[in-house]
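> Turn this into a structure:
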Amino acid sequence: MSTVPTGVTAAAPAGEPAGTPARLGAGTAARLGRGALAVLVLLCGITLLLGFANKDRCTGPEFDTWGRSQPDFDERKYADVCYSDIQYLWIGRDVDRHVFPYVHGKISATGELSGGTVEYPVLTGLLIWAGALFVHTDAGFLLASALIMAPFGLLTAWLLGRLSRWRALLWAVSPPLVMYAFHNWELPVVACAVAAVYVVHRGWGARGVDRPLVQRATLSAVLLGLGFAFKLYPAIFVLPLMLYVLTGGRGGRELPAGKTRDISGMVRVALVAMGTAIAVNLPFAIAGREGWLASFVFQGQRKADITANSIWFWALRPDSDPQNLTVHEYIGVMSPVLVFASFAVACVIGWLRFQREGTYPWIAVSAAMLCGFLLLHKVHSPQYTLWLVPMFVLLNLRWGWIAAYCVADLAMGIGIFLWFAQIAARQPSGIYEGFAAQAVMIGVWGRAALLVGLFVAFLSAKDTVDEPLLPAAPART
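Residues are numbered from 1 along each chain as shown. Model prediction:
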């Protein structure tokens, strides 16, 4: 009869790969129970209600012929800091006319979208269409969209609670969730990204993490491909996941028998992620190629202007005026080059850490790559903070980083709209003439400096997902 000393993880049975999850030290004692998870999700629900109430301040009480809130919507959306892209895009993309997205769409020579095309990937376009389907005002559109997206926010809280226990409160009750939950259509894509981490480290069904790594990573790749079809950013996590599979997961213990690298598993992850993204996009590309392509053309043509909130606009002032095509062509080249360079640096540093520690830190590398994207991309919309918050949960950072980023984000998230209100009202709005412009500068450069620091901090941070790796114990007879 085989026995194992109490508290020691069993070795893999003879004939099985050295990477059977029984050897990974993945205990369950510290995980949240059902009651605690219910409390976490309830708190997240309250936060989402506050987020909806914040944006709903901009709706009604009257509506014009097109279903636009009146009176003074154009002034209130900025001055009352209740602007949302959801409410704003009710008019101007044929959303109010319930046109099915992309199929009949196009983009004009001046960059205007029409015929149902929106500037987002196809699954977000479907969400937008579904949210508008049975309503006739921007207030109804905001409410319906919130009802569609709220379950994704709650699911994210539950997944993070299962992964990182009470640290998930950083998502569930965070100020960014109040400010941006219903600012744009971010909650579904964040849920995809977090779920991709979850299935790698917890599996699913009765077998859970006992499923082979390649099987778990394959489903993760599907989720990242779906995330790409909501918003593009989860696609950047595919490369770190590939390297995690290549090196056999935690401690290299889930490599196929007799292998030192799982090349076929790595390739499988890449092909599945790519195939998922193609499968979702292909019907739209076939049914309405021009309208489908127009969403990508729109983003490619977008300039780093005053609405982009990126370092490019501010660092190159006054030459970054939208009329200066030469500068914006330069930004259009340099921004992606530097973004991809930051990805390469993160992956290489992750590999060096793998050589020291034996596990490729795919979550940490993914977080660093996200920082590189947020810092160097030509557009840095306020709601992108929701992409970063789960990384604060999944990685064990010092609390000072998180608090500082929230402060800088609040400065941007509030200051930018107060500043726009001053500009629209033709009030003094210079950096020396009021708090709003100063808050924007704190937000832009504060976030930029913190993203540089977080890039480094993430790459050295331990994750909060896995328990310490236990050495395999020899089987006793």
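> quick one, what contacts the residue sitting nearest the centre point of the chain?
Most central in the chain under Cα atoms, centre = their mean is residue 387, positioned 3.1 Å from the mean C-alpha point. Residue 387 makes contact with 186, 189-190, 193, 233, 370, 374 under the criterion Cβ atoms under 8 Å, 6 or more residues apart in numbering. C-beta here means a position set from N, CA and C on the backbone, and glycine is covered the same way.
> Please narrow those to those residing in helices.
Using DSSP state H, the subset of the contacts of residue 387 located in helices is 189-190, 193, 370, 374.
> Drop anything exposed from those.
The neighbour count (16 or more other Cβ atoms under 10 Å) marks 189-190, 193, 370, 374 as buried among the ones in helices among the contacts of residue 387.
> Closest one of the residues you listed to residue 284?
Ranked by distance to residue 284 (Cβ to Cβ), those are led by residue 189 at 17.3 Å.
> Now do the closest one against residue 166, distance only.
Look at residue 189 and residue 166: by Cβ to Cβ, to the nearest Å, they are 25 Å apart.
> What pairs with the lowest-mean-pLDDT helix or strand in the chain, parallel or antiparallel?
Ranked by mean pLDDT, DSSP states H and E, the weakest helix or strand in the chain is strand 113-114, scoring a mean of 90. Partners of strand 113-114 in the sheet, by DSSP bridges, are strand 106-107 (antiparallel).
> Just to check, residue 465 is in contact with residue 394?
Yes. Using Cβ atoms under 8 Å, residue 465 is in contact with residue 394, at 6.0 Å.
> which residues are common contacts for the two?
By Cβ under 8 Å, 6+ apart, residue 465 and residue 394 have these common neighbours: 163-164, 197, 363.
> out of the contacts of residue 387, which one sits closest to residue 292?
In terms of Cβ to Cβ, no member of those lies closer to residue 292 than residue 189, at 18.4 Å.
> which residues touch the closest one?
Contacts here follow Cβ under 8 Å, 6+ apart; on that basis residue 189 touches 124, 227, 230-231, 233-234, 387.
> Number of residues surrounding the residue nearest to residue 136 when sequence neighbours are not counted?
Spatial nearest neighbour of residue 136, excluding adjacent residues (Cβ to Cβ, 6 or more residues apart in numbering): residue 67 at 5.3 Å. Neighbourhood size, residue 67 [other Cβ atoms under 10 Å]: 17.
> mind checking the SS state of residue 67?
Reduced to three states with DSSP: H, G, I helix; E, B strand; the rest coil, the structure at residue 67 is coil.
> and stretch 281-300, which residues are buried?
By neighbour count on 16+ other Cβ under 10 Å, the buried set for stretch 281-300 is 281, 284, 288, 290-295, 297-298.
> quick one on the thing from earlier: over to the residue nearest to the centre of the chain. Which of the three states is it?
Classification of residue 387 using three-state DSSP returns helix.
> related to what we said a few turns ago, dump the buried residues of stretch 281-300 to TSV, plus distance to residue 253.
Shown next, in TSV, are the buried residues of stretch 281-300 (distance: Cβ to Cβ, whole Å):
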residue	distance to residue 253
281	36
284	42
288	48
290	50
291	48
292	43
293	45
294	48
295	43
297	46
298	46
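> wait, which of these is closest to residue 203?
Nearest to residue 203 among the buried residues of stretch 281-300 is residue 281, at 28.3 Å by Cβ to Cβ.
> so what's the closest one closest to, chain neighbours aside?
Spatial nearest neighbour of residue 281, excluding adjacent residues (Cβ to Cβ, 6+ apart): residue 122 at 5.7 Å.
> What does residue 116 show for phi and psi?
When read as degrees, to the nearest 10, the backbone of residue 116 gives phi 100, psi -10.
> can you tell me how far it sits from residue 103?
Between residue 116 and residue 103 the distance, using Cβ to Cβ, works out to 7 Å.
> can you list residues touching both of these two?
Common contact partners of residue 116 and residue 103 (Cβ under 8 Å, 6+ apart): residue 291.
> Looking only at neighbour counts, state which of these two leads.
The neighbour comparison of residue 116 against residue 103 (other Cβ under 10 Å) goes to residue 116, with 24 against 18.
> Checking the nearest residue to that one once chain neighbours are set aside next. Helix, strand or coil?
Once flanking residues are discounted, residue 116 sits nearest to residue 99: 3.7 Å by Cβ to Cβ, 6+ apart. At residue 99, secondary structure determined by three-state DSSP is coil.
> wait, isn't residue 99 in contact with residue 115?
Yes. Using Cβ under 8 Å, residue 99 is in contact with residue 115, at 6.7 Å.
> pLDDT value on the residue nearest to the centre of the chain, please?
With respect to pLDDT, residue 387 has a value of 98.
> quick one: low-confidence parts of this structure?
Residues of the chain meeting the criterion pLDDT under 70: 1-30, 469-477.
> All the strands of it, residue numbers only.
Along the chain, counting by DSSP state E, strands occupy 62-63, 69-70, 106-107, 113-114.
> now these as TSV including mean neighbour count and distance to residue 442?
Listed next are the strands of the chain as TSV, based on neighbours: other Cβ atoms under 10 Å; distance: least, Cβ to Cβ, whole Å:
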stretch	mean neighbour count	distance to residue 442
strand 62-63	14	37
strand 69-70	17	30
strand 106-107	19	35
strand 113-114	18	33
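> Export those strands as JSON lines, with columns for distance to residue 317.
JSON lines is the format used below for the strands of the chain (distance: least, Cβ to Cβ, whole Å):
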{"stretch": "strand 62-63", "distance to residue 317": "39"}
{"stretch": "strand 69-70", "distance to residue 317": "34"}
{"stretch": "strand 106-107", "distance to residue 317": "28"}
{"stretch": "strand 113-114", "distance to residue 317": "28"}
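> give me the number of residues near residue 208?
Using other Cβ under 10 Å, residue 208 has 15 neighbouring residues.
> tell me the contacts of the nearest residue to residue 425 once chain neighbours are set aside?
Excluding its sequence neighbours, the residue lying closest to residue 425 (Cβ to Cβ, 6+ apart) is residue 75, at 7.5 Å. Going by Cβ under 8 Å, 6+ apart, residue 75 touches 421, 424-425.
> for residue 295, same thing?
Counting by Cβ under 8 Å, 6+ apart, residue 295 touches 102, 113, 117-122, 125.
> of all these, which comes closest to residue 333?
Nearest to residue 333 among the contacts of residue 295: residue 119, at 21.1 Å, using Cβ to Cβ.
> can you pull the contacts of the closest residue to the closest one other than its chain neighbours?
The spatial neighbour of residue 119 that comes closest, neighbours along the chain excluded (Cβ to Cβ, 6+ apart), is residue 298 at 4.6 Å. Shown in contact with residue 298 (Cβ under 8 Å, 6+ apart): 107, 111, 113, 117, 119.
> how does it look with 7 Å?
The neighbours of residue 298, taking Cβ atoms under 7 Å, 6 or more residues apart in numbering as the test, are 107, 111, 113, 119.
> Setting aside sequence neighbours, what's the nearest residue to the first one?
Which is residue 107. residue 294 is the one closest to residue 107 (Cβ to Cβ, 6+ apart), at 3.8 Å.
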